[in-house]
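K.L.:
Could you look at this predicted model? Sequence included:
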Amino acid sequence: MVKEMSPAELKERLDDGADIQVIDIRQPDSFEEGHIPGATNLPIDRFAREIDDHEWGDEIVVACPVGESSRQAARLLESYEGVDEDARVANLSGGYEAWDYDLESGT
């Protein structure tokens, strides 16, 4: 079962310097328009194909526009052998529509 992380919790944890890997699965043009500071773009249409190309951390939050596609990607990460079984994988509940904080733009 994929855990959920609220935007407020993610923002607080990032502000506190937590080592959280944020994966944004939107398309590159949407990512460039604005994303969570420090996020990595791995579009959903390339996610499964490129999963081996990434170093996965101990805490990963996956984000999409509304929190549905990212839940599926988080499930895939939970079962992926390249992610430590003790890693915490979460879905950003509500996705970008629920993110009321500043965004970074560009790549």
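P.N.:
Sure thing, it's come through.

K.L.:
so which strand or helix has the spatially most central residue of the chain?
P.N.:
Closest to where the C-alpha atoms of the chain average out (C-alpha atoms, centre = their mean) is residue 62, at 2.2 Å. Secondary structure from DSSP states H and E places residue 62 in strand 59-63.

K.L.:
distance between that strand and the chain's centre?
P.N.:
Computed by C-alpha atoms, centre = their mean, to the nearest Å, the separation of strand 59-63 from the middle of its chain amounts to 3 Å.

K.L.:
What pairs with it, parallel or antiparallel?
P.N.:
Each strand pairing with strand 59-63, determined using DSSP bridges, is listed with its direction: strand 21-24 (parallel), strand 88-92 (parallel).

K.L.:
Quick one: closest of the ones you listed to residue 76.
P.N.:
Across these, residue 76 has its closest neighbour in strand 88-92 (9.4 Å, C-beta to C-beta). C-beta here means a position set from N, CA and C on the backbone, and glycine is covered the same way.
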